[in-house]
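Colleague: compute the structure for the input listed below.
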Amino acid sequence: MAGFVLRRVLIAIPVLVGISIVSFLIIHLIPGNPAQAMLFGSNPTPAQVAALETRLGLDQPLYVQYGRYIWGLLHGDLGTSFVTGRNVADELWSRAPDTFALSGAALLVAVLIGVPAGIIGGVAPGSIGDRIGRLVSVSGVAIPYFWLALILTLVFAVQLRWLPAVGSQGLTYLILPAVALGWGYAAVLTRLIRGRLIEEYHAEYVRTARAKGAGGSRVLFNHALRNSVIPTVTMLGLQIGNILTGAAVIEVIFGRPGLGSYLVNSIAAKNIPVVQGAVLFIGVAYVLINLVVDLAIGMIDPRTRKPVAT
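Modeller: The predicted structure is shown next:
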């Protein structure tokens with residue numbers, strides 16, 4: 001197990017280096033001058049823009065800026081926001097709980113809808129429950145989550161006035177964003193679990209268990225569903241990362257003060273340290289989540305711990 005953990009950690013290191021490079025370069029590929037954007041509205045002169053670029057270090061070559069960026073990361077410093085003058089790490093941590101709450105709620109919606117729908121469809125293909133589950137699956141895949149967010153807001157917030165649409169003052173403000181973000185991932189879960197269960201129910205070991213007198217619930221939970229856990233856990237880990245990135249759009253639509261909306265506003269303002277820090281933060285979270293998933297799968301199925309033969 002120790003060797004398995006070490007291999008996974010060594011694989012994650014170059015990925016993290018790549019994320020640092022991408023997070024540094026991506027903002028420099030966006031057209032526009034950060035100093036000009038910061039001075040927008042004050043009719044700055046070229047001399048004022050040049051002076052601000054010098055003060056921020058933006059007039060230096062990219063490799064020098066990247067070296068300073070990496071040096072700061074090694075010391076736990078993500079830089080200082082060009083707009084507020086505050087430490088970027090402090091600003092990101094102050095907004096992270098709201099994004100994590102939205103992502104967790106969306107994942108809960110996906111599990112509560114997708115797992116039962118997938119089990120019903122896998123156990124009884126063609127039944128009414130299976131048809132409803134397939135409807136959930138098709139609608140979740142076909143409807144973009146940002147469009148679903150607008151429809152949910154129009155129906156439940158504007159017309160029916162059952163739920164609030166904008167803000168993050170309580171749990172009721174979390175319902176519409178979580179459903180909008182989690183519905184599509186519920187569809188993926190439904191399709192995966194349904195397909196795996198149908199496949200497992202045709203396996204020899206299931207027929208053998210039934211021949212020995214095992215009941216339906218025992219066949220489901222002790223055999224078929226248990227052997228469907230590994231791909232489900234893998235997919236859930238990937239979806240958590242996707243949910244974190246999808247939260248950016250949902251936060252903008254519902255006016256939530258999380259990492260996503262903060263990142264979007266910082267991109268518009270060319271606030272380089274914040275954009276770099278936010279992209280790095282989300283990327284590292286994605287890598288760590290996948291690392292935890294790999295370790296969990298290794299604990300569930302010892303066969304996955306063996307190194308791949310070359």
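Colleague: okay, CA-based contacts and neighbour counts for the rest of this
Modeller: Noted.
Colleague: roughly how far does Leu288 sit from Val155?
Modeller: Relative to Val155, Leu288 is positioned 37 Å away (Cα to Cα, to the nearest Å).
Colleague: between those two, who's got more neighbours?
Modeller: Looking at Leu288 and Val155 with other Cα atoms under 10 Å, you find the greater number of neighbours at Leu288, namely 17 against 13.
Colleague: am I right that that one falls within a helix?
Modeller: Yes. Leu288 sits within a helix when classified using DSSP: H, G, I helix; E, B strand; the rest coil.
Colleague: would you mind measuring from it to Gly167?
Modeller: Between Leu288 and Gly167 the computed distance is 29 Å (Cα to Cα).
Colleague: one more: Asn227?
Modeller: 42 Å.
Colleague: same question for Ala268.
Modeller: Between Ala268 and Gly167 the distance is 21 Å, computed by Cα to Cα.
Colleague: please apply the same query to Thr99.
Modeller: 13 Å.
Colleague: which one's more surrounded, those two?
Modeller: When neighbours are counted by other Cα under 10 Å, Thr99 and Gly167 differ, and Thr99 comes out ahead with 22 against 14.
Colleague: next structured bit after the helix or strand harbouring that one?
Modeller: Mapping Thr99 onto the secondary structure by DSSP states H and E places it in helix 88-123. Note on helix 88-123: by DSSP H and E, the next helix or strand toward the C-terminus is helix 128-142.
Colleague: could you export that next one as PDB, CA atoms only?
Modeller: Extracted in PDB, the C-alpha atoms of helix 128-142 (Å, rounded to 0.1, in the frame of the first residue of the first chain):
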ATOM      1  CA  ILE A 128     -41.900   2.700 -15.000                       C
ATOM      2  CA  GLY A 129     -39.100   3.600 -12.500                       C
ATOM      3  CA  ASP A 130     -36.500   2.800 -15.200                       C
ATOM      4  CA  ARG A 131     -38.300   5.100 -17.700                       C
ATOM      5  CA  ILE A 132     -38.400   7.900 -15.200                       C
ATOM      6  CA  GLY A 133     -34.700   7.400 -14.500                       C
ATOM      7  CA  ARG A 134     -33.900   7.400 -18.200                       C
ATOM      8  CA  LEU A 135     -35.900  10.700 -18.500                       C
ATOM      9  CA  VAL A 136     -33.700  12.100 -15.700                       C
ATOM     10  CA  SER A 137     -30.600  10.900 -17.500                       C
ATOM     11  CA  VAL A 138     -31.600  12.300 -20.900                       C
ATOM     12  CA  SER A 139     -32.700  15.600 -19.600                       C
ATOM     13  CA  GLY A 140     -29.600  16.000 -17.500                       C
ATOM     14  CA  VAL A 141     -27.300  15.300 -20.400                       C
ATOM     15  CA  ALA A 142     -29.300  17.400 -22.900                       C
END
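Colleague: buried residues, the following helix or strand past that helix. List them.
Modeller: Past helix 128-142, further along toward the C-terminus, the next helix or strand under DSSP H and E is helix 145-152. Of the residues in helix 145-152, those buried by neighbour count under the rule 16 or more other Cα atoms under 10 Å are Tyr145, Phe146, Leu148, Ala149, Leu150, Leu152.
Colleague: pretty sure the first one is touching Ala180, no?
Modeller: Translated: Tyr145. Yes. Assessed by Cα atoms under 8 Å, Tyr145 is found in contact with Ala180 at 5.5 Å.
Colleague: what about Thr232, neighbour count?
Modeller: The number of residues near Thr232, taken as other Cα under 10 Å, comes to 17.
Colleague: sec struct for it, please.
Modeller: Under the three-state scheme (three-state DSSP), Thr232 adopts helix.
Colleague: please verify my assumption that it contacts Leu192.
Modeller: Yes. Under the criterion of Cα under 8 Å, Thr232 is in contact with Leu192, at a separation of 7.1 Å.
Colleague: need the pLDDT of Val111.
Modeller: At Val111, the predicted lDDT confidence score is 88.
Colleague: which residues touch it?
Modeller: With contacts taken as Cα atoms under 8 Å, 6 or more residues apart in numbering, Val111 has the following neighbours: Ala186, Leu189.
Colleague: ok, now how distant is it from Gly167?
Modeller: 25 Å.
Colleague: my guess is Lys270 contacts Leu29. True?
Modeller: No. Counting by Cα under 8 Å, Lys270 does not reach Leu29; the two are 10.9 Å apart.
Colleague: between these two, tell me which one has more neighbours.
Modeller: Lys270 (24 against 8).
Colleague: and the more buried one, that one's in a strand?
Modeller: No. Using three-state DSSP, the secondary structure at Lys270 is coil, not a strand.
Colleague: once you drop chain neighbours, what's closest to it?
Modeller: Distances taken as Cα to Cα, 6 or more residues apart in numbering place Pro34 nearest to Lys270, at 4.9 Å, with adjacent residues excluded.
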